[in-house]
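*Asks:* Okay, sequence plus prediction incoming.
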Amino acid sequence: MKKVLVTGGLGFIGSHTSVELVNKGYQIIIVDNLSNSKIEVHDKLEQITSKQITFHDIDLTDREAVARIFHENEIESIIHFAAFKAVGESVDKPLDYYRNNIDSLINLLEMCDSHNINKFVFSSSCTVYGQPDKLPVTESFPKMQAESPYGNTKQICEEIIEDFSKSKKRFKAISLRYFNPAGAHESGLIGELPLGVPNNLVPFITQTGAGLRDKLNVFGGDYNTHDGTCIRDFIHVVDLAIAHISALEYAEKMEENYDFFNLGTGKGYSVIEVVKSFEKVSGLSLNYQIVGRRSGDIEQIYADTSKAKERLGWVAELDLDSMMESAWRWQKNLQ
Ligand code: NAD
């Protein structure tokens with residue numbers, strides 16, 4: 001049986017997508033070097049799906065190791081999640097980010113070339129848009145100068161994939177531009193792993209709720225938004241996971257060699273609305289304070305998701321409360 005290679009499949013979004021793929025009957029092979037995940041996630045995936053899942057601890061920048069995986073398996077398509085993703089860290093260690101994120105991609109595309117693999121789905125990000133002039137953001141908005149080496153790796157990777165797809169007649173590639181993934185699997189067994197200080201708002205909130213952090217600093221209360229705080233398009237990680245299956249199915253029939261889609265709910269929530277949702281579902285009162293703006297933060301962004309709806313037949317279904325509820329269940333299970 002032909003298989004889907006899921007790179008970074010033990011990470012936050014990759015693990016949720018692995019569950020949805022297995023539940024849909026796909027056979028998957030996970031590759032992950034555990035640089036930002038734990039081997040226990042593999043057990044949890046098998047527990048949730050009641051299936052055995054093949055896993056290889058391999059660094060995708062290791063060309064020979066990658067070649068071995070493709071030599072030993074009949075891989076039909078690839079969903080490529082594996083990357084370093086911490087914006088701040090990428091500013092301090094740009095070369096690590098370029099080496100990891102770009103070399104991994106090139107190694108995989110070389111395998112697509114030599115093994116005739118024609119379906120490729122890539123994890124991109126709404127960071128490619130910067131602060132857009134108009135909202136919601138459609139895919140036709142121009143890409144802006146990246147604000148960090150991390151963001152730049154996403155832009156460069158999209159360009160590499162597009163160029164490669166032009167050179168291969170049957171190759172079909174899709175970049176998925178995620179807005180702000182949040183939440184966790186309903187089982188509470190997998191979620192976003194808190195390695196170090198969270199970069200994202202939701203794990204910071206749940207850790208503060210759990211008493212692991214003193215308080216949440218809300219950066220900026222004087223933005224031009226309804227309550228003065230920044231607005232983002234939070235999307236449930238399970239909705240996001242399902243979109244990858246829609247993308248794989250679309251790659252089967254798409255005419256273009258390369259396409260890209262926004263994945264969000266199409267609705268923006270302010271930081272304060274996210275805090276209030278957490279307080280509602282947890283019954284707790286969160287210790288937070290509004291402090292000065294943080295450099296590099298954009299005021300607001302949310303997606304126009306009509307292209308994904310029309311072509312992928314996909315829409316996000318889960319709301320903010322369900323993101324906060326599942327994230328809170330996951331946080332409590334971690335303790
Ligand atoms: P994550 O860190 O939880 O998962 C990435 C996984 O890839 C980790 O398990 C890590 O160990 C693995 N990995 C990294 N480099 C590797 C390598 N060289 N070889 C093998 N495995 C490697 O991140 P995530 O939140 O699940 O993000 C998945 C993808 O989505 C990333 O490409 C990220 O840039 C992108 N993305 C994430 C967000 C977000 O907010 N989480 C937003 C937009 C885009």
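*Replies:* Done, it's in. Numbers count the residues shown, from 1 in each chain.

*Asks:* Now I160: closest residue in space, sequence neighbours ignored.
*Replies:* L105 (6.1 Å; Cβ to Cβ, 6 or more residues apart in numbering). Where C-beta positions appear, they are placed from N, C-alpha and C, glycine not excepted.

*Asks:* Just to be sure, the one you found is in a helix?
*Replies:* Yes: secondary structure of L105 (DSSP: H, G, I helix; E, B strand; the rest coil): part of a helix.

*Asks:* Which SSE is immediately downstream of the strand or helix carrying S165?
*Replies:* Taking DSSP states H and E as the definition, S165 sits inside helix 149-167. The C-terminal neighbour of helix 149-167 among helices and strands, as given by DSSP H and E, is strand 172-178.

*Asks:* Past that following strand, which element shows up next along the chain?
*Replies:* Helices and strands here follow DSSP H and E; after strand 172-178, the next one along the chain is strand 180-182.

*Asks:* neighbouring strands for that following strand, and are they parallel or not?
*Replies:* Sheet pairing for strand 180-182, assigned by DSSP bridges, gives strand 234-236 (parallel).

*Asks:* so what does the helix or strand just after the strand it pairs with touch, helix or strand wise?
*Replies:* Beyond strand 234-236 on the C-terminal side, the first helix or strand identified by DSSP H and E is helix 237-253. Applying 3 or more Cβ pairs under 8 Å, 6 or more residues apart in numbering; DSSP states H and E, one finds that helix 237-253 contacts helix 12-23, strand 75-80, strand 119-125, strand 172-178, strand 180-182, strand 258-263.

*Asks:* So for the helix or strand following the second one, what gets flagged as buried?
*Replies:* In other words, strand 75-80. Where DSSP H and E defines the elements, the next helix or strand beyond strand 75-80 is helix 87-92. Within helix 87-92, the residues scored as buried using 16 or more other Cβ atoms under 10 Å are V87, E89, S90.

*Asks:* now stretch 203-220
*Replies:* Neighbour-count burial for stretch 203-220 flags 203-210, 213, 216, 218-220 (criterion: 16+ other Cβ under 10 Å).

*Asks:* Contacts made by that stretch with the rest, please.
*Replies:* 192, 194, 197-198, 228-230, 271-272, 274-275, 278, 282, 284, 286-294, 297, 324, 327-328, 330-332, 335 (Cβ atoms under 8 Å, 6 or more residues apart in numbering).

*Asks:* Any idea how many residues pack against the closest residue to E76 other than its chain neighbours?
*Replies:* Nearest residue to E76, sequence neighbours excluded (Cβ to Cβ, 6+ apart): K2, at 3.6 Å. Counted with other Cβ atoms under 10 Å, the neighbours of K2 add up to 11.

*Asks:* Report the contact partners of I298.
*Replies:* For I298, the contacting residues are G130, Q131, C230, by Cβ under 8 Å, 6+ apart.

*Asks:* hang on, isn't the last one packed against D297?
*Replies:* Yes: counting by Cβ atoms under 8 Å, C230 does reach D297; the two are 5.9 Å apart.

*Asks:* More neighbours: which of these two?
*Replies:* C230 (23 against 13).

*Asks:* returning to that earlier point: rebuild the buried residues of helix 87-92 as TSV, extending it with pLDDT.
*Replies:* TSV is the format used below for those (pLDDT from 0 to 100):
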residue	pLDDT
V87	88
E89	92
S90	93
